[in-house]
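A.B. asks: Return atomic coordinates for the entry below.
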Amino acid sequence: MKTRPSERYRSWLIGELVLASLLGLGTVLLAVTGRLDGYQLLHARIALDTSVAIVASIVAILVAIRFLVEGRGMDLLLAGGFIAIGVGTFAFAVAPLFSGDELRPVEGWAAIGASLLGAALIAIAPFVTRRTTGRRRALSVTAALVVVSLFGIWFDARVLRFDLGVAGPDGTRSAAVIVAYGLLTALSLVAVVGFGLRYRHHGRDLDSWLTLALTLVVFADLHYVLAPARSSDYVLQSDLLRVIAFAVLLVGVWRAIGEAEFGRAVAEERARVARDIHDGLAQYLFALSTQVSMLESGAELDRILPRLKLAATAAQQEAQFAVLALSSAAGSAPFDAALKRYVDFLVADGTLDVDVEIDPNVALAPDEEIEVFRIVQEGLANARKHAGARHAEVSIVQLGGRRVVRVSDNGSGFEGDEPGAGQGLNNMRSRAASIEGAFSLRSSPGQGTAIEVVLRPV
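C.D. replies: From the prediction side, this is the model:
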């Protein structure tokens, strides 16, 4: 039973409020009992900050990939934000500690500045709805601007020389540090609200995961506001919250990447089905409509009826071909069984005879299975509908250490450089290229056609 979007959002919102309440209650208890000062663990700070830097960089890469697939401006800003956090954390909070010394005020302020830059970009992201053209260029420019900004932050920290500030034995933070972490908390809260609203309006899982992770970040930043200053040997509860938040982010973005790739595959499949309908079924339906119009104009029934029957049979067969191809390439059956089932159906009317040879030692990756199936389908369709072939051969074999797919027929053939060779050949070339296969074609008038795809090395 499917859950309605409104009920799904309501359940999610209740869970989000419960999480925020628990985190708030925990923060109050830690503050009242004086447990916000953390624990002295040598080298643990390096490990935690390194984890944050690595995960933030991975998230930035994954979001950038999603941006290249879908072109959303939101993803571009998210990528920039996580680049700032990942690179800034490593450059200013991790690398300086490798020497064994404590973090200096310059690096400490640069790390805070990098976090502020990243948080600002992430806070703006949910309110950006436009898609971007020139995606690779936009991504490169954004990454370059972030790196330049990080250098500027570091330079300003050197010039201004603010103190991170321990003002006494109790480890009180300077007012500037408290304001900086307060601003980080506010930016994270804005991002929580923004992505929460996006999830309410669009129901996308990525928005819910981002809201969850950023809720953890809000309280991590709040802990930094309330906690006394300590050396880099200390680990605060907020550090653990931040690591958990970035782990949640990684899971959410990874799932979103899968959805984006799936969405692209669906779009490509829709386009292919549209081409099949246009080139096949629509033509037969047009023929049916033409014959019916001729009947309405007074044409003799004995002359039109056989044509109607022929067009109706062809349309029915074309629809069955399309349905069978969709189900066979959907992964619900082993590849060789699906292909042979399709061929058996194709040759059932005796128009075309097809021999199939599949070497059991040739293994195909999932993406190769779908594209090879479509290439074979397109090749046989061309042989049947356009070349007037009576016989065709399909082979998937190992030759000279390479996996080779061949489809050949004894049809009419054509000149190899003929511009009207058909959209089908262009489709096969594109499909071969999408799986890194080398496509070749041999054809000449009266000598049939042979296509060959040499698959990528394994």
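
A.B. asks: gap between the two ends of stretch 340-357?
C.D. replies: In stretch 340-357, first residue to last residue: 10 Å (CA to CA, to the nearest Å).

A.B. asks: And S115, what's its pLDDT?
C.D. replies: S115 carries a pLDDT score of 92 in this model.

A.B. asks: cool, and R402?
C.D. replies: Reported pLDDT for R402: 90.

A.B. asks: ok, the nearest residue to D336 once chain neighbours are set aside - how many residues close by?
C.D. replies: Leaving aside its sequence neighbours, D336 sits nearest to I358 (CB to CB, 6 or more residues apart in numbering; 4.8 Å). The C-beta positions use only the backbone N, C-alpha and C, and glycine is treated the same way. Residues lying near I358 (other CB atoms under 10 Å) number 17.

A.B. asks: Against R45, how distant is I358?
C.D. replies: With distances taken as CB to CB, to the nearest Å, I358 is found 58 Å from R45.

A.B. asks: For the residue nearest to D336, name its beta-bridge partners.
C.D. replies: Counting by DSSP bridges, I358 is bridged to I396.

A.B. asks: Surely it touches L339?
C.D. replies: Yes - in this structure I358 lies within contact range of L339 using CB atoms under 8 Å: 7.2 Å.

A.B. asks: on that earlier part again, where does the residue nearest to D336 sit relative to L22, distance-wise?
C.D. replies: I358 sits at a distance of 57 Å from L22 (criterion: CB to CB).

A.B. asks: Ok, V356 next?
C.D. replies: Distance of V356 to L22, given as CB to CB: 61 Å.

A.B. asks: what does G400 give?
C.D. replies: Taken as CB to CB, the span from G400 to L22 is 63 Å.

A.B. asks: Name the residue in these two with the higher neighbour count.
C.D. replies: Remark: of G400 and L22, L22 carries more neighbours, 11 against 6, as counted by other CB under 10 Å.

A.B. asks: Neighbours of V159, how many?
C.D. replies: So V159, with other CB under 10 Å, has 8 neighbours.

A.B. asks: Helix or strand next in line after the host helix or strand of it, which one?
C.D. replies: Element membership for V159, per DSSP states H and E: helix 135-160. Downstream of helix 135-160, the first helix or strand assigned by DSSP H and E is helix 175-202.

A.B. asks: got the angle for the next helix-or-strand element following that next one vs helix 175-202?
C.D. replies: Using DSSP H and E, the helix or strand that follows helix 175-202 towards the C-terminus is helix 205-226. Counting by axes from the mean of the first three to the mean of the last three CA atoms, to 10 degrees, helix 205-226 lies at 160 degrees to helix 175-202.

A.B. asks: Run through the neighbouring helices and strands of helix 205-226.
C.D. replies: Counting contacts by 3 or more CB pairs under 8 Å, 6 or more residues apart in numbering; DSSP states H and E, helix 205-226 is packed against helix 5-33, helix 175-202, helix 237-276.

A.B. asks: Of the ones you listed, which stretch is the most buried?
C.D. replies: Stretch with highest mean neighbour count among the helices and strands packed on helix 205-226: helix 175-202 (a mean of 19; mean count of other CB atoms under 10 Å).

A.B. asks: Mind giving me the packing neighbours of it?
C.D. replies: Checking 3+ CB pairs under 8 Å, 6+ apart, helix 175-202 ends up next to helix 5-33, helix 105-124, helix 205-226.

A.B. asks: Ok, which of these comes nearest S57?
C.D. replies: Across the helices and strands packed on helix 175-202, S57 has its closest neighbour in helix 105-124 (11.5 Å, CB to CB).

A.B. asks: chain center to that closest one, what's the gap?
C.D. replies: Chain-centre distance of helix 105-124: 27 Å, with CA atoms, centre = their mean, to the nearest Å.

A.B. asks: Against which helices or strands is that helix packed?
C.D. replies: Contacts defined by 3+ CB pairs under 8 Å, 6+ apart place helix 105-124 against helix 73-88, helix 135-160, helix 175-202.

A.B. asks: Recalculate using a threshold of 10 Å.
C.D. replies: helix 44-70, helix 73-88, helix 135-160, helix 175-202, helix 205-226 (3 or more CB pairs under 10 Å, 6 or more residues apart in numbering; DSSP states H and E).

A.B. asks: Okay, angle between the fourth one and helix 5-33 too, please.
C.D. replies: Same thing as helix 175-202. Relative orientation of helix 175-202 and helix 5-33, computed by the same axes, to 10 degrees: 160 degrees.

A.B. asks: what about helix 175-202, average pLDDT?
C.D. replies: Per-residue scores along helix 175-202 average to 89.

A.B. asks: I'd like to check the angle between that helix and helix 73-88, please.
C.D. replies: Going by the same axes, to 10 degrees, helix 175-202 makes 150 degrees with helix 73-88.

A.B. asks: you'd agree V362 is in a helix?
C.D. replies: No - looking at V362 with DSSP: H, G, I helix; E, B strand; the rest coil, it is coil, so not inside a helix.

A.B. asks: Low-confidence ranges, this protein, go.
C.D. replies: Counting by pLDDT under 70, the chain has low-confidence residues at 1-5, 36-43, 100-102, 160-173, 228-234, 258-284, 286-287, 314-334, 349, 416-423.

A.B. asks: Got the phi and psi for the residue lying farthest from the centre of the chain?
C.D. replies: Distance from the C-alpha centroid of the chain, by CA atoms, centre = their mean, peaks at E300 (58.0 Å). Main-chain torsions, E300, degrees, to the nearest 10: phi -70, psi 130.

A.B. asks: ditto for S444
C.D. replies: The phi/psi pair for S444 (degrees, to the nearest 10) reads phi -150, psi 150.

A.B. asks: Using a markdown table, please lay out the helices and strands packed on helix 105-124 together with distance to T351.
C.D. replies: Listed next are the helices and strands packed on helix 105-124 as a markdown table, based on distance: least, CB to CB, whole Å:
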| stretch | distance to T351 |
| --- | --- |
| helix 44-70 | 41 |
| helix 73-88 | 49 |
| helix 135-160 | 46 |
| helix 175-202 | 49 |
| helix 205-226 | 47 |
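
A.B. asks: Figure out which of those helices is closest to G350.
C.D. replies: Across the helices and strands packed on helix 105-124, G350 has its closest neighbour in helix 44-70 (44.8 Å, CB to CB).

A.B. asks: tell me which residues of the closest one are tucked away?
C.D. replies: Buried residues in helix 44-70, counted by 16 or more other CB atoms under 10 Å: 44-46, 48-70.

A.B. asks: Then stretch 434-450?
C.D. replies: For stretch 434-450, the neighbour count (16+ other CB under 10 Å) marks 435, 437, 439, 443, 448-450 as buried.

A.B. asks: and those residues, which two are the farthest apart?
C.D. replies: Spatially, the most separated pair among those is I435 and G448, at 25.4 Å (CB to CB).

A.B. asks: Next up, phi/psi of V404, please.
C.D. replies: Dihedral angles for V404 - degrees, to the nearest 10 - are phi -130, psi 130.

A.B. asks: May I have the beta-bridge partners of it?
C.D. replies: Where V404 sits in a bridge, its partners, by DSSP bridges, are V397, V454.
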